[in-house]
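1. just a sequence and a predicted model for now, questions to come.
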Amino acid sequence: MNAPRSIILLLPAVLSFGGCELLNGMSNNSSCTEHSASFDGVVAVEGQLAQASEVPQIEPYPMAMVLSQDAVNKLFAAVASAEIPDIVLEDNSLVPVKLTLSPALPLIQVGGEGLCVSCLLTEVGFGIGVEVAGVGASGAGAGRFQFPLFMDPQGLENTAVMAQFGQSTLLSVNLTVDGLSDSIMDVIEPMVANAVTGLIRNQYGDTKLFDIKAWEIGDGDVKLVGQGPHIDAGQRTIVIGMQSNLVRPTGASIAWNPSLPEGADVGLQFHPELISSMIGRMMHEGHIPRSYDAAGKTSVAGEHQVTLSSMSATDNDLLRSSFRLWRTGGGFCGFADLQADLGLSISDRQLSFQVQNVLVTDSAGAGDLLQLGSDWLGSDFLSNLINYSQLTVNYNELAIPGNKKADMSAESFRLSLDAQGLSLFLNIDAIIDADG
């Protein structure tokens with residue numbers, strides 16, 4: 001008769017520790033003291049927060065946000081007035097000249113020129129009506145400007161992303177008006193340049209494009225700090241590095257990638273260690289319970305406690321979570337290390353995780369811990385781990401001035417996972433009321 005499958009799977013773990021050692025240690029109170037001290041040591045450092053002054057101000061970043069040029073223009077259009085009044089100008093130095101400019105909403109291009117490759121460009125198109133000594137003509141024109149983008153941190157609660165139109169530098173003005181002499185064009189060109197420059201600098205000034213809000217998870221003590229920005233002129237993207245006040249054991253960094261798939265508005269990049277640290281914090285705050293019964297159900301008096309060890313990517317695009325089950329009292333003490341692979345998919349316009357398998361990878365002490373792997377496939381702990389992981393990576397806190405926010409979905413984008421991080425790519429579907 002063939003041995004049951006569960007015994008075959010667990011046999012390597014049993015052999016690696018020796019049956020006699022396990023049985024002899026089951027009633028060893030000194031072993032309980034040792035395991036209890038080890039458990040307390042892990043819990044003491046799990047989910048800790050850095051002091052505000054200790055939040056890193058430079059790379060490496062555990063998270064980044066990448067915005068496309070189209071996304072920047074969608075956000076700007078949501079905060080800028082599209083109803084720009086006509087500009088009327090007059091000059092009587094040569095002959096009576098009257099200009100009427102009808103500006104359109106400026107368009108933003110990511111990446112500057114000359115010595116300011118980290119700037120943004122904007123182009124203002126306008127219709128132009130000219131009346132010279134009572135004779136009318138019409139045409140069109142465009143002014144091109146360069147301006148910086150900067151971050152305005154407001155503690156750990158919020159970071160504003162600002163377009164500094166007030167510091168715009170005029171690059172060129174192009175006019176097309178038929179039927180006017182060169183001498184008349186020489187008069188109206190500086191008039192137009194000054195008027196459009198004033199429009200850009202004064203009408204828009206320092207325009208807030210959006211706010212990066214802290215996570216609204218748990219007790220609200222975990223914060224995000226946006227840093228940069230980093231302009232990639234080649235990809236036409238803006239990359240904002242994101243730091244957290246979570247203490248991360250290794251300080252691992254995402255793979256810096258400013259590119260986006262075609263059609264994606266926003267990319268979010270997470271290192272798995274950031275997700276792991278967030279889960280640790282949720283356990284520290286009590287939102288994810290530590291005590292469970294043998295079947296993995298939450299129980300205040302449960303004999304088993306849990307700590308999360310790590311999260312990492314596998315070669316087949318799974319997020320591997322390693323955690324430890326402890327038994328630290330009752331004379332039967334020890335631990336078992338388990339791993340669960342989380343698969344990624346898109347569900348209801350968001351990224352979701354599903355547990356694919358649970359395996360015991362290591363153990364010591366109480367022998368019954370070896371038999372928990374299959375029972376914990378549907379455990380309350382894994383359910384909580386999945387829920388809070390999804391809350392972390394489905395970050396969409398782009399707050400727009402005027403009590404609005406960007407409604408972003410994951411219906412038509414791809415996601416990827418490798419050793420340097422999890423990347424998901426969003427579309428801005430609409431700008432909606434934040435209270436809606």
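-> Right, received. Where do you want to start?
2. any idea how far stretch 67-78 is from the chain center?
-> 16 Å (CA atoms, centre = their mean, to the nearest Å).
3. could you do stretch 89-98 as well?
-> That offset, for stretch 89-98, works out to 54 Å (CA atoms, centre = their mean).
4. between the two ends of that stretch, how far is it?
-> Distance across stretch 89-98, first residue to last, is 6 Å (CA to CA, to the nearest Å).
5. would residue 332 count as being in a strand?
-> No. Secondary structure of residue 332 (DSSP: H, G, I helix; E, B strand; the rest coil): coil, not part of a strand.
6. need the phi and psi values for it.
-> Dihedral pair for residue 332: phi -120, psi 90, per degrees, to the nearest 10.
7. same question, residue 181
-> The phi/psi pair for residue 181 (degrees, to the nearest 10) is phi -70, psi 160.
8. and stretch 109-118, end to end?
-> End-to-end distance (CA to CA), stretch 109-118: 11 Å.
9. residues of that stretch that come out buried?
-> 109, 110, 111, 112, 118 (16 or more other CB atoms under 10 Å). C-beta coordinates here come from the backbone N, C-alpha and C atoms, glycine included.
10. with stretch 197-204 instead?
-> The neighbour-count check on stretch 197-204 (16+ other CB under 10 Å) flags 197, 199, 200, 201, 203, 204 as buried.
11. contacts for whichever strand or helix holds the first one?
-> If I follow you right, that is residue 197. Element membership of residue 197 [criterion: DSSP states H and E] is helix 182-198. Where contact means CB atoms under 8 Å, 6 or more residues apart in numbering, the residues beyond helix 182-198 that reach it are 87, 89, 91, 93-95, 97, 99, 101, 103, 124, 126, 128, 130, 132, 141, 143, 145, 168, 170, 173, 175, 177, 180.
12. among the residues you listed, which ones are in strands?
-> 87, 89, 91, 97, 99, 101, 103, 124, 126, 128, 130, 132, 141, 143, 145, 170, 173, 175, 177 (DSSP state E).
13. beta partners for the third one?
-> Taking DSSP bridges, one obtains residue 97 as the residues bridged to residue 91.
14. can I assume it is in contact with residue 97?
-> Yes. Using CB atoms under 8 Å, residue 91 makes contact with residue 97 at a distance of 4.6 Å.
15. who's more crowded, these two?
-> residue 97 (19 against 16; other CB atoms under 10 Å).
16. show me what residue 246 is bridged to.
-> Taking DSSP bridges as the rule, residue 246 bridges to residue 49.
17. ok, residue 409 next?
-> Beta-bridge partners of residue 409, as defined by DSSP bridges: residue 427.
18. residues contacting it?
-> 349, 350, 426, 427, 429.
19. shaky segments in the stretch 301-436 of the chain?
-> 366-374, 410-416, 418-420, 436 (pLDDT under 70).
20. and the strands in it, which stretches?
-> 304-313, 319-327, 334-347, 350-365, 398-400, 404-409, 415-418, 421-433 (DSSP state E, counting those that start in this stretch).
21. fine by me, we can end here.
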